[in-house]
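Novice: pasting the structure only:
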């Protein structure tokens, strides 16, 4: 069940229970004086729904929902008690819920403001004491058998014990509420400019709520006029949601903003997107942005928008840095990207301070950041490898075949001018044949004809046939007759070619073995030698380029090279069995 559906059900249950409870207590014709306290109180479940439906990861919204639900169910229970003439202890169960409501409204809603967490470890003891007082207050009211329509007449030991326990619990909760109110004042004075208004609203709401509840209790015991009772209901049931709404509308509590849309007189609100919404929008943006540099820019912009900071930056391991916004001052929050690929940084928020929720969002964004950085690095290396290969082919043509053709043309011109004999013509013929052989070898380096005509196994056997050391090629039965897409065959062929070249040039191998196999949806190539290992970083860089090529196909490459213990190169790509 989604969090938004749960939030809607809780808010509907709280509001509906209150309405039904009022109707049951007063009958079908409910006097207006009993409706307006409920209307004030209805702000609380509405606000709880707003917070929990849009910010399910913030605990404070669920706390507000629980407070509203306790009051709504207690009013419903009182109405059912009156209509069914229930007897104790069932008749007093609603008062137990009312005691929980008092504790939540007086103590825990102010204490856990604004994100649903204790302001410090030292408040844990007070929270446990308040919880114990709440339990004693609720259990005492239930045990005493007191109901709204029956006078309190303790006539049993259980009722007397319950009355004492309830009174003690209520005293503890009241004392805890006073301590929390004092703590709110301290937090308000110590808060920064952005949070000071929020705390001021909560201080006013907590004080008015306790004062209103005191007037309600005084009126209920016959110690006050109907005016004091009315004021008590307004303050007791409306001060807390009113304070929260003012904190939202005026001071952007939990990043909620209210305002007018265009020229229309419609009230709208703009919430900071949730983690899921940010990740969804970022995924769509990255899909629509194929260029790596632009992807990093989109990533930095997503971090800045999600955390609502003045600037955000993505820094790669090689020093590349992309910034969204105007970077001023040092980073306030930084999270490394998994694998040491880079760093996500952000400056101060536009309003307020970065909190625990912002840290969670930044850690969540580090996952797509790693993918975007890997994609950028992979594409950069592939482009670099293609450019290096193009320059190699250009150099080979210029230094080799081109010079031979120039010499051949010059020889033909000389032979024609001097009337060359059979011996000189034979020499020119051999020179032309050598040029043709060099051209074929160059073409084989680009894409060997044996690979196009005979497939992977035949091309690998031809490549290894002329090596100066004993080389064994072993292939699975039936693999010789199978053909695969050109990009798969080419990636594995050039991996084998690079591995055997490194074994001869860098590892001084005396024996090489190549194994080609297919199993588990993968086409594999394993090249092992008995050489001295690959100390040359240049050789490893060549394999790294091929690893990128394999990775682009969904495969991979593993290198195991130790001094004096030979080298093993294992490559694979996805291929249907």
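Specialist: Cool, the structure landed. Only a predicted model underlies this, so the values are computations on that prediction, with no experimental measurement involved.

Novice: break down the stretch 101-250 of the chain into its helices, ranges please.
Specialist: Using DSSP state H, counting those that start in this stretch, the helices found in the stretch 101-250 of the chain span residues 109-111, 124-144, 157-190, 193-220, 226-251.

Novice: between the ones you listed, which gets nearest to residue 94?
Specialist: Minimum separation from residue 94 across the helices of the stretch 101-250 of the chain (C-beta to C-beta) falls at helix 124-144, 9.2 Å. Just so you know, the C-beta spots here come from the backbone N, C-alpha and C atoms, and that holds for glycine as well.

Novice: buried residues in the closest one?
Specialist: Residues 126-127, 129-131, 133-144 are the ones in helix 124-144 that count as buried (16 or more other C-beta atoms under 10 Å).

Novice: what's the angle between that helix and helix 157-190?
Specialist: The directions of helix 124-144 and helix 157-190 differ by 150 degrees, with axes from the mean of the first three to the mean of the last three C-alpha atoms, to 10 degrees as the criterion.

Novice: can you put the helices of the stretch 101-250 of the chain in JSON lines and add distance to residue 511 and mean pLDDT?
Specialist: Formatted as JSON lines, the helices of the stretch 101-250 of the chain follow (distance: least, C-beta to C-beta, whole Å; pLDDT from 0 to 100):
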{"stretch": "helix 109-111", "distance to residue 511": "75", "mean pLDDT": "90"}
{"stretch": "helix 124-144", "distance to residue 511": "69", "mean pLDDT": "89"}
{"stretch": "helix 157-190", "distance to residue 511": "75", "mean pLDDT": "85"}
{"stretch": "helix 193-220", "distance to residue 511": "72", "mean pLDDT": "78"}
{"stretch": "helix 226-251", "distance to residue 511": "76", "mean pLDDT": "72"}
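
Novice: so of those helices, which one's packed in deepest?
Specialist: helix 109-111 (a mean of 25; mean count of other C-beta atoms under 10 Å).

Novice: so which elements touch it?
Specialist: Packed against helix 109-111, as judged by 3 or more C-beta pairs under 8 Å, 6 or more residues apart in numbering; DSSP states H and E, are the following elements: helix 59-84, helix 124-144, helix 157-190, helix 193-220.

Novice: show me the contacts for residue 202.
Specialist: Residues counted as contacts of residue 202 (C-beta atoms under 8 Å, 6 or more residues apart in numbering) are 110, 113, 114, 184, 188, 243, 244, 247.

Novice: ok, 6 Å please
Specialist: 110, 113, 184, 243 (C-beta atoms under 6 Å, 6 or more residues apart in numbering).

Novice: ok so, going back, let's have the helices of the stretch 101-250 of the chain in JSON lines, adding distance to residue 468.
Specialist: Converted to JSON lines, those look like this (distance: least, C-beta to C-beta, whole Å):
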{"stretch": "helix 109-111", "distance to residue 468": "81"}
{"stretch": "helix 124-144", "distance to residue 468": "76"}
{"stretch": "helix 157-190", "distance to residue 468": "79"}
{"stretch": "helix 193-220", "distance to residue 468": "75"}
{"stretch": "helix 226-251", "distance to residue 468": "79"}
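
Novice: which one of those helices lies nearest to residue 70?
Specialist: Comparing the helices of the stretch 101-250 of the chain by C-beta to C-beta, helix 124-144 comes nearest, at 10.0 Å.

Novice: among the contacts of residue 202, which pair sits farthest apart?
Specialist: The widest separation within the contacts of residue 202 (C-beta to C-beta) is 10.9 Å, between 184 and 243.

Novice: tell me which residues in stretch 461-479 are buried?
Specialist: Buried residues in stretch 461-479, counting neighbours by 16+ other C-beta under 10 Å, are found at 461, 462, 463, 464, 469, 471, 473, 475.

Novice: with stretch 505-516 instead?
Specialist: 506, 507, 509, 512, 513, 514, 516.

Novice: hang on, residue 322 in a strand?
Specialist: Yes: the assignment for residue 322 by DSSP: H, G, I helix; E, B strand; the rest coil puts it in a strand.

Novice: that one against residue 300, yeah?
Specialist: Yes: between residue 322 and residue 300 there is a contact at 5.2 Å, judged by C-beta atoms under 6 Å.

Novice: helix or strand: which one has residue 361?
Specialist: Under the criterion of DSSP states H and E, residue 361 resides in helix 356-396.

Novice: kindly report the same for residue 518.
Specialist: Counting by DSSP H and E, residue 518 is found in strand 512-519.

Novice: need the contact partners of that strand.
Specialist: Strand 512-519 is contacted by residues 471-476, 479, 496, 500, 503, 524-529 when judged by C-beta under 6 Å, 6+ apart.

Novice: confidence-wise, which helix or strand of this protein is lowest on average?
Specialist: Least confident helix or strand, the chain: strand 267-271 with a mean of 49, by mean pLDDT, DSSP states H and E.

Novice: would you map the strands across the stretch 401-550 of the chain?
Specialist: 471-475, 512-519, 522-529 (DSSP state E, counting those that start in this stretch).

Novice: between those strands, which one is nearest to residue 233?
Specialist: That would be strand 522-529 among those, by C-beta to C-beta, at 72.8 Å.

Novice: packing partners of that closest one?
Specialist: helix 486-505, strand 512-519, strand 567-574 (3 or more C-beta pairs under 6 Å, 6 or more residues apart in numbering; DSSP states H and E).

Novice: can you tell me the strand partners of the last one and which way each runs?
Specialist: Take DSSP bridges as the rule and strand 567-574 pairs in its sheet with strand 522-529 (antiparallel), strand 556-561 (antiparallel).

Novice: let's have those strands in JSON lines, adding mean neighbour count, mean pLDDT and distance to residue 576.
Specialist: Listed next are the strands paired with strand 567-574 as JSON lines, based on neighbours: other C-beta atoms under 10 Å; pLDDT from 0 to 100; distance: least, C-beta to C-beta, whole Å:
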{"stretch": "strand 522-529", "mean neighbour count": "22", "mean pLDDT": "93", "distance to residue 576": "9"}
{"stretch": "strand 556-561", "mean neighbour count": "16", "mean pLDDT": "88", "distance to residue 576": "18"}
